[in-house]
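S.K.: Predicted coordinates and the sequence they were generated for:
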Amino acid sequence: MKRFALFTFVLAVFCVCVSSAQMNLPGTGDQSDAGWLVTGVNISGFLLDNPGGTSATGVIATNIDDSTHGWKSVCVLPKCNPGGQNPPTSTFFLEQQSTTAPPGSSDTLSLLVSETVNAPYTNALWVWTGGTCDTCVTMASDFWIFPGPNIAQMQQIELDMYLFSSKKDDPVNGNNREYMWGLQWDQAGCGCWEIFNQGGSGNRWIHTGLTTPLTSAWHHIQVNNHRILTDTNNCGGVPCEYYDSLTLDGVLFVFNRSFPTSALPTGWSSSTGFQFQLNASGTVGSPFSVSEYINLANFSATN
């Protein structure tokens with residue numbers, strides 16, 4: 001994907017920022033570095049640090065999929081650049097009843113996102129923003145997704161969180177920083193989960209060594225990341241973004257990696273939230289659609 005901005009931040013949507021429009025083509029990530037991946041820890045429960053929203057300062061939102069509040073207009077070429085090569089012929093964003101509810105829940109009201117394509121390498125990005133929190137350090141998301149029946153025609157399924165800070169929260173290097181924690185299931189490339197290195201000489205996806213796949217079924221995704229306000233030295237003299245863990249269907253995988261942040265693009269303002277992206281196949285014989293349901297979606301950015 002490429003960095004992009006629409007007018008000012010108020011009208012902007014955001015993507016993981018890379019240097020090539022074809023960054024999500026197969027095989028473009030680094031080779032697997034599984035030495036830092038801890039796998040196979042079975043856990044249960046809700047991972048948000050303060051799910052009730054009563055004891056923490058920051059942005060805490062629950063059941064985001066039940067409302068269109070906070071969702072930006074879909075990001076597609078050419079007006080907005082989420083990567084890829086071609087725009088979809090149409091996109092879909094609607095709250096509707098799914099045929100089933102996530103396991104253990106009776107909630108079938110889901111958010112359906114989809115794109116219809118008739119050209120290869122077509123991406124669509126849906127962004128939710130929860131407001132501003134320049135001093136927030138702990139990031140967490142907790143949601144269920146159900147990729148549609150055409151999952152085999154997806155390149156990647158991307159699930160990111162971000163924090164943009166235009167305030168000088170760090171006494172040295174904290175002014176105008178972009179924290180983008182990118183996470184994707186790279187089905188067409190490595191057949192593995194990847195995290196994103198956006199800063200320094202980065203702008204590339206990093207193989208985690210985790211190969212547990214997404215299928216056309218309900219999957220419980222829980223992600224934890226963080227930053228340190230006074231951290232200026234661990235990532236080449238700029239603040240780091242720390243990747244902590246992914247819990248996939250109740251199994252915890254610890255990443256324990258950090259990468260440099262990048263400068264906040266000119267005109268962007270403080271904001272935090274998460275986003276979902278679908279990247280369609282590089283082979284198109286006839287028009288098709290790719291989609292996913294999102295349900296029980298929660299997000300927190302806290303001090």
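M.R.: The structure has been received and is ready for your questions.

S.K.: Distance-wise, check Ser271 relative to Pro265.
M.R.: 12 Å (C-beta to C-beta, to the nearest Å). C-beta here means a position set from N, CA and C on the backbone, and glycine is covered the same way.

S.K.: which one of the two has more residues nearby?
M.R.: Ser271 (23 against 16; other C-beta atoms under 10 Å).

S.K.: longest strand of the chain?
M.R.: strand 288-302 (DSSP state E).

S.K.: and it, which residues are buried?
M.R.: Neighbour counts over strand 288-302 (16 or more other C-beta atoms under 10 Å) mark 289-302 as buried.

S.K.: I'd like these as TSV, with distance to Thr91 and pLDDT appended.
M.R.: Formatted as TSV, these follow (distance: C-beta to C-beta, whole Å; pLDDT from 0 to 100):
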residue	distance to Thr91	pLDDT
Ser289	10	95
Val290	11	96
Ser291	10	97
Glu292	13	97
Tyr293	15	97
Ile294	14	98
Asn295	19	97
Leu296	23	97
Ala297	19	97
Asn298	24	97
Phe299	22	97
Ser300	28	96
Ala301	27	96
Thr302	32	94
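
S.K.: quick one: buried residues of stretch 216-224?
M.R.: Quick answer for stretch 216-224 (16+ other C-beta under 10 Å): 218-224.

S.K.: I'd guessed Asn118 sits against Val284; true?
M.R.: Yes: judged on C-beta atoms under 8 Å, Asn118 makes contact with Val284 at a distance of 6.1 Å.

S.K.: dump the residue contacts of Tyr293.
M.R.: Applying C-beta atoms under 8 Å, 6 or more residues apart in numbering to Tyr293 gives the contacts 98, 110-112, 145-146, 148.

S.K.: give me the beta-bridge partners of it?
M.R.: Going by DSSP bridges, Tyr293 is paired in beta bridges with Leu112, Phe146.

S.K.: now it: how far from Tyr121?
M.R.: In terms of C-beta to C-beta, Tyr293 sits 24 Å off from Tyr121.

S.K.: What about Leu264, how many residues nearby?
M.R.: Other residues close to Leu264 by other C-beta under 10 Å number 18.

S.K.: Could you report the separation of it from Arg257?
M.R.: Taking C-beta to C-beta, one finds Leu264 at 22 Å from Arg257.

S.K.: Check Pro213 too.
M.R.: Relative to Arg257, and taking C-beta to C-beta, Pro213 is found at 21 Å.

S.K.: So for these two, which residue has more residues nearby?
M.R.: Arg257 (18 against 13).

S.K.: Confirm for me that that one is in contact with Ile206.
M.R.: Yes: Arg257 is in contact with Ile206 according to C-beta under 8 Å; the separation is 7.5 Å.

S.K.: any residues in contact with both of these two?
M.R.: Ile195.

S.K.: and stretch 258-269, what's its mean pLDDT?
M.R.: What stretch 258-269 shows for mean pLDDT is 90.

S.K.: Hmm, I typed the wrong one, I wanted stretch 193-202.
M.R.: On average, stretch 193-202 scores 86.

S.K.: Thr132 versus the closest residue to Asn303 other than its chain neighbours, what's the distance?
M.R.: Spatial nearest neighbour of Asn303, chain neighbours left out: Thr57 (4.8 Å); criterion: C-beta to C-beta, 6 or more residues apart in numbering. The gap separating Thr57 from Thr132 is 12 Å, by C-beta to C-beta.

S.K.: higher neighbour count, those two?
M.R.: Neighbours per residue (other C-beta under 10 Å) separate Thr57 from Thr132, with Thr132 holding more: 19 against 12.
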